[in-house]
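Undergrad: Take a look and give me a structure for this.
(2 chains)
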2 protein chains.
Amino acid sequence: MAPETQSNPAALPLPPMKWDAWGDPARAKPLPDDVKGLLAAALGVSGEGADELTLDQTALRSSELAEDDRRALSAIVGESWLSTADADRLPRSGGKSTLDLLRRKSREPQDAPDAVVLPGSEEEIAAVLALCTERRIAVVPFGGGTSVVGGVDPDRSGFTAVISLDLRRFDRLHELDEVSGEAVLGAGLTGPQAEELLATRGFELGHYPQSFRYATIGGFAATRSSGQDSAGHGRFDEMVRGLRAITPAGTVDLGRAPASAAGPDLRELFLGSEGAFGVITAVRLRVHPLPAAKAHEAWSFPDFATGAAALRAVEQQGTGPTVIRLSDESETFVNLAMTDKIGGSQVTGGCLAVTVFEGTAEQVAARHEATRTALLAAGGTSLGAEPAEAWEHGRFDAPYLRDSLLAAGALCETLETATNWANLGRLKSAVTESLQSSLRASGTESMVMCHISHVYPTGASLYFTVVAAQRGDAIAQWTGVKRAACDAIMANGGTITHHHAVGADHRPWLDQEIGEVGVRILRAVKDAVDPAGILNPGKLIP
Amino acid sequence: MAPETQSNPAALPLPPMKWDAWGDPARAKPLPDDVKGLLAAALGVSGEGADELTLDQTALRSSELAEDDRRALSAIVGESWLSTADADRLPRSGGKSTLDLLRRKSREPQDAPDAVVLPGSEEEIAAVLALCTERRIAVVPFGGGTSVVGGVDPDRSGFTAVISLDLRRFDRLHELDEVSGEAVLGAGLTGPQAEELLATRGFELGHYPQSFRYATIGGFAATRSSGQDSAGHGRFDEMVRGLRAITPAGTVDLGRAPASAAGPDLRELFLGSEGAFGVITAVRLRVHPLPAAKAHEAWSFPDFATGAAALRAVEQQGTGPTVIRLSDESETFVNLAMTDKIGGSQVTGGCLAVTVFEGTAEQVAARHEATRTALLAAGGTSLGAEPAEAWEHGRFDAPYLRDSLLAAGALCETLETATNWANLGRLKSAVTESLQSSLRASGTESMVMCHISHVYPTGASLYFTVVAAQRGDAIAQWTGVKRAACDAIMANGGTITHHHAVGADHRPWLDQEIGEVGVRILRAVKDAVDPAGILNPGKLIP
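TA: Sure, this is the predicted structure:
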């Protein structure tokens, strides 16, 4: 970092996460020595990853925003809401994928947006977009910065500069309709901020993805996020009743009714639009009263296929758990090894499933009982409440473990897909095999773990966690492994992403997902709402 | 009808409905004399509507398809699957709105497609679309012809001719995945055909709109249909897992997984596309095992607001009825007067609600009990099973009554909308007032009845039935009344249509529904997939 940045400290409120790791440093989870030993023995993990760099050691690309553009943008949002300081640009330089984290440990030049702009109103956003259209400046809408698919990379190809448009000032609960159970939430609210505002009125949104603590309402909408309570409360896109977005072509305000036959549902174009069609400013969401009661129960199944059939029975019968998830044999085994003792001596193998129930006391009792009956009938053995409570306690903490693994010289990343129940076993095997064989080809054994965390009447998600040893250029190593896994997903009937979104990383597979005509449609919509193509270039649209 | 048509009889399988009335003539419901007397006394209904015309008395517009075009189309589908006969064209000349039925009683020239084409494969559809693009022939995809919004009008503006593309040969159950609970159904299957194919395998789709007996799978998808069992099985769009459509730009095959974060959900563009983006050929749908048990219970509420709050409680608590609906005071009163005795002497006023439960015996018992508890707590009085069974028995027959009312000189039509629970009362009053006052201005008193037939956690539909006297030009009379009602819907926070779709009739309001940028997006998608604009011109897109 150049010396002049000493006189250019952070001027703006910073994203809450550490710039080169997940989340809050206070929550870091260093690996115990015996785990390091195990990793060395089983996978040949060296114990030594790249050092963490201080800000001063980072070679950040200088801001290329022309002074005239800086002045013009400042005139829109006010001097105090624009910064070109390295300390403001670096934390908005990308997301939190393993590739991102490996890059941030590199002494090579790091890319970053040329400026950070924090608009305070829709009018300011519209003015920023108009200016950037005129001056050919790319705009990356920024929420919590939790993307794991390169969704906020500062891609400036073909533009004079790229700015990060941080939405954090859109942080209000605009409206709560307690009768209809609808809330209008500002796009910049993080998960905890949104839940706190609702809780003071006795309501809950109930969207708890792993990124919950940092990601934002706008980001959830733009990426079709799915939370761990999706069995009970639905995916984020299912909670959306309406949304407002500012496009270079004007404002959209979609969703007049709980349901409509007034043509194509255009909300579904902005959900998953990843900042490429417009800047989402507010989302109207279904909310529900805070649950009065809660129950937990964990289960063991002899194998993954039996457990998956049990989850299928529960979901197809509609017995109503809020959370239901199933770890495969490997994940169950590793969780046992890695977690501080989680009670229940019965957890000795097989596949662990977790269920949580919420609602009124009566609803919880009825849902719990109906789910128990179905899981027992499908071959499950109850492990009691404790392992499920332990899962809930640590539900947002897995990414911290990844940081420790990377620091220890391990490669660790997750990827996910979804398919029909009938195809679940085939897809799981194919992706597992692809990961193992491509890692082996790179010179390391691997552990591939998998769980089902989102169920639907017709199918389920598959979430893979991979741990292996870093070999050579770890970025190149993982890029190749991920490419093979994506190919395996597409060849075996999966979707390229169930809840991580497309970003830059999955973009090469989107044409297979939606076909040539689908790509043509996305491009046509893009041209209609963003003719200059300034919004989040290089993401989503092939 | 010109004499040469005598040598030009129907050559193709005909749509199952009578050309100038709803459904099957054998099911016609003539009005009893005392009802006619009541209508005369209360509304000034004359007792005499326009006479029914025979085919020979109808002045059908001659086919304008050039002989060369006819030959080229025949070469694609085969001579036996194309017809320019009046007897084939007339039954595809439009839908079944009151305006349609009034027009068909007119001796003025009637419009009709210039030819009817029944393709037998996706390749044939693609070839037809390519030919029509080249020769500027408009194409109206045709399913059951049940549109009540002008959705299949033969609009030829700017084109050399217009053909009706009847999908009835796409009538197969392509695939049933019993594990995942998914079926791929041909777009031309009618409701009963689809249910029969599924029932032989022990499954049910569960989509029962009033048009069930005649409408098709492709039509349900293209119009975002909603069935009477929507509380239990969801709207049709919610059942869709995937679809195939042939556009002039190529084939789309969307929906790889039960849920995905792979960008905007393009299925939601083809759902509700009303034939303007492509010809839907097959739909992948969620299906469920045929229910083993069923229960009915009817309820009385002292007034509509109390009843609506009760339905809201049931839906927000998720007690799980398959059907739940509520008639307002007027509809309850009129149903009592018009229906053959429906048992239960308790039904003496107030608002009638109907509930139906399906599933396993255990599910039915649990759902019934939870719903009873909620309805009792909300001020309902049980009327026992009989009125609910009577409703179910006649659930598809209301349109026959409309034909009899029109024949007796009454004006009768339905319209529908939806809104949030908090806005339901305001919207209902505003639309009722608009209908009554505009009919009064046309010279007649009116009866305006309303029911809720589709509920959501955040709101519900409102379905209005209007009966008045025909005054002067009944087509002009209703056109004015409907315009005022649509304006009232938009001014009071409703959607322009909850399940009837946009067609030609609601098109003038779509810009208010989706805004200027929304319209721009629809036009961009249209240009991308149908650059010549041949697909169903004059519908949907403003």
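Undergrad: Work out the gap between stretch A:469-476 and the centre of the chain.
TA: 24 Å (Cα atoms, centre = their mean, to the nearest Å).
Undergrad: Could I get the buried residue list for that stretch?
TA: A:Ala469, A:Gln470, A:Arg471, A:Ala474, A:Ile475 (16 or more other Cβ atoms under 10 Å in any protein chain shown). All C-beta spots, glycine's among them, are computed from the backbone N, C-alpha and C.
Undergrad: Check stretch A:154-164 too.
TA: A:Pro154, A:Asp155, A:Arg156, A:Phe159, A:Ala161, A:Val162, A:Ile163, A:Ser164.
Undergrad: Just the ones of the buried residues of stretch A:469-476 in strands?
TA: Those of the buried residues of stretch A:469-476 mapping onto strands are A:Ala469, per DSSP state E.
Undergrad: Out of the buried residues of stretch A:469-476, which is nearest to chain B?
TA: Nearest to chain B out of these is A:Ile475 (Cβ to the nearest Cβ; 23.9 Å).
Undergrad: Which positions within the lengthiest helix in chain A qualify as buried?
TA: The longest helix of chain A (DSSP state H) is helix A:510-529. Neighbour-count burial for helix A:510-529 flags A:510, A:512-515, A:517-522, A:524-526, A:528-529 (criterion: 16+ other Cβ under 10 Å).
Undergrad: low pLDDT regions in chain A?
TA: A:1-9, A:337-348 (pLDDT under 70).
Undergrad: Centre of it to the edge, which residue is at the far end?
TA: The centre of chain A is farthest from one residue, A:Asp68, which by Cα atoms, centre = their mean lies 36.0 Å away.
Undergrad: who touches the strand or helix carrying that one?
TA: Element membership for A:Asp68, per DSSP states H and E: helix A:67-77. Helix A:67-77 is contacted by residues A:65, A:82, A:84, A:115, A:117-120, A:124, A:127-128, A:131, A:135, A:137, A:160-161, A:163 when judged by Cβ atoms under 8 Å, 6 or more residues apart in numbering or on different chains.
Undergrad: Flag every buried residue along it.
TA: For helix A:67-77, by 16+ other Cβ under 10 Å, it's A:Asp69, A:Arg70, A:Ala72, A:Leu73, A:Ser74, A:Ile76, A:Val77.
Undergrad: of all those residues, which two lie farthest apart?
TA: Of all pairs drawn from the buried residues of helix A:67-77, the greatest distance, 12.7 Å, lies between A:Asp69 and A:Val77 (Cβ to Cβ).
Undergrad: circling back to that earlier point, between the buried residues of helix A:67-77, which is nearest chain B?
TA: Checking these against chain B with Cβ to the nearest Cβ, the nearest one is A:Ile76 at 21.0 Å.
Undergrad: Excluding chain neighbours, give the residue nearest to the closest one in space.
TA: A:Ala127 (4.6 Å; Cβ to Cβ, 6 or more residues apart in numbering or on different chains).
Undergrad: and that neighbour, that's in a helix?
TA: Yes: assessed by DSSP: H, G, I helix; E, B strand; the rest coil, A:Ala127 belongs to a helix.
Undergrad: since we're on it, how many residues are nearby?
TA: Residues lying near A:Ala127 (other Cβ atoms under 10 Å in any protein chain shown) number 18.
Undergrad: could you list every residue that touches A:Leu254?
TA: Counting by Cβ under 8 Å, 6+ apart, A:Leu254 has contacts A:Gly242, A:Leu243, A:Arg244, A:Leu266, A:Arg267, A:Phe270, B:Ile514, B:Gly515, B:Gly518.
Undergrad: coming back round to it: what's the spacing between the residue nearest to A:Ile76 and A:Thr84?
TA: Separation of A:Ala127 from A:Thr84 (Cβ to Cβ, to the nearest Å): 19 Å.
Undergrad: go on, A:Trp509?
TA: For A:Trp509, the distance to A:Thr84 - Cβ to Cβ - is 35 Å.
Undergrad: can you count the residues close to the nearest residue to A:Leu65 once chain neighbours are set aside?
TA: Sequence neighbours aside, A:Asp114 is the residue nearest to A:Leu65 in space, at 4.1 Å (criterion: Cβ to Cβ, 6+ apart). By the criterion of other Cβ under 10 Å, A:Asp114 has 24 neighbours.
Undergrad: same thing with A:Asp111?
TA: Around A:Asp111 there are 16 residues (other Cβ under 10 Å).
Undergrad: Verify the contact between it and A:Ala59 for me.
TA: No: with contact defined as Cβ atoms under 8 Å, A:Asp111 and A:Ala59 do not form a contacting pair (10.4 Å).
Undergrad: Quick one: name the residues of the stretch 301-450 of chain A near chain B.
TA: Neighbours of chain B within the stretch 301-450 of chain A, by Cβ under 8 Å from any Cβ of the partner chain: A:312, A:316-318, A:320, A:363, A:366, A:370, A:417-423.
Undergrad: Sort out for me which of the residues you listed are in strands.
TA: The strands, defined by DSSP E, take in A:Thr417, A:Ala418, A:Thr419, A:Asn420 from those.
Undergrad: mind giving me CSV with the residues you listed and columns for neighbour count and distance to A:Gln193?
TA: Output for those, formatted as CSV (neighbours: other Cβ atoms under 10 Å in any protein chain shown; distance: Cβ to Cβ, whole Å):
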residue, neighbour count, distance to A:Gln193
A:Thr417, 29, 31
A:Ala418, 30, 29
A:Thr419, 26, 35
A:Asn420, 23, 37
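Undergrad: returning to that earlier point: alpha carbons of the longest helix of chain A, in PDB - could you do that?
TA: Output of helix A:510-529 as PDB, limited to C-alpha atoms (Å, rounded to 0.1, in the frame of the first residue of the first chain):
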ATOM      1  CA  LEU A 510     -25.500 -20.400 -17.200                       C
ATOM      2  CA  ASP A 511     -26.000 -21.000 -20.900                       C
ATOM      3  CA  GLN A 512     -26.400 -24.700 -20.100                       C
ATOM      4  CA  GLU A 513     -28.800 -23.900 -17.300                       C
ATOM      5  CA  ILE A 514     -31.200 -21.700 -19.300                       C
ATOM      6  CA  GLY A 515     -30.300 -22.400 -22.900                       C
ATOM      7  CA  GLU A 516     -29.500 -20.100 -25.800                       C
ATOM      8  CA  VAL A 517     -33.000 -18.500 -25.800                       C
ATOM      9  CA  GLY A 518     -32.700 -17.900 -22.100                       C
ATOM     10  CA  VAL A 519     -29.400 -16.100 -22.500                       C
ATOM     11  CA  ARG A 520     -30.900 -14.000 -25.300                       C
ATOM     12  CA  ILE A 521     -33.800 -13.000 -23.000                       C
ATOM     13  CA  LEU A 522     -31.400 -12.000 -20.200                       C
ATOM     14  CA  ARG A 523     -29.400  -9.900 -22.600                       C
ATOM     15  CA  ALA A 524     -32.600  -8.300 -24.000                       C
ATOM     16  CA  VAL A 525     -33.800  -7.400 -20.500                       C
ATOM     17  CA  LYS A 526     -30.300  -6.000 -19.600                       C
ATOM     18  CA  ASP A 527     -30.300  -3.800 -22.700                       C
ATOM     19  CA  ALA A 528     -33.800  -2.600 -21.900                       C
ATOM     20  CA  VAL A 529     -33.000  -1.500 -18.300                       C
END
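Undergrad: tell me the angle it makes with helix B:510-529.
TA: Relative orientation of helix A:510-529 versus helix B:510-529 (axes from the mean of the first three to the mean of the last three Cα atoms, to 10 degrees): 130 degrees.
Undergrad: pretty sure A:Asp487 is touching A:Val431, no?
TA: No: between A:Asp487 and A:Val431 there is no contact under Cβ under 8 Å: 10.0 Å.
Undergrad: more crowded one of the two?
TA: A:Val431 (27 against 17).
Undergrad: nearest spatial neighbour of that one, skipping sequence neighbours?
TA: A:Val431 sits nearest to A:Ala488 (Cβ to Cβ, 6+ apart), 5.1 Å away.
Undergrad: Cheers, nothing more for now.
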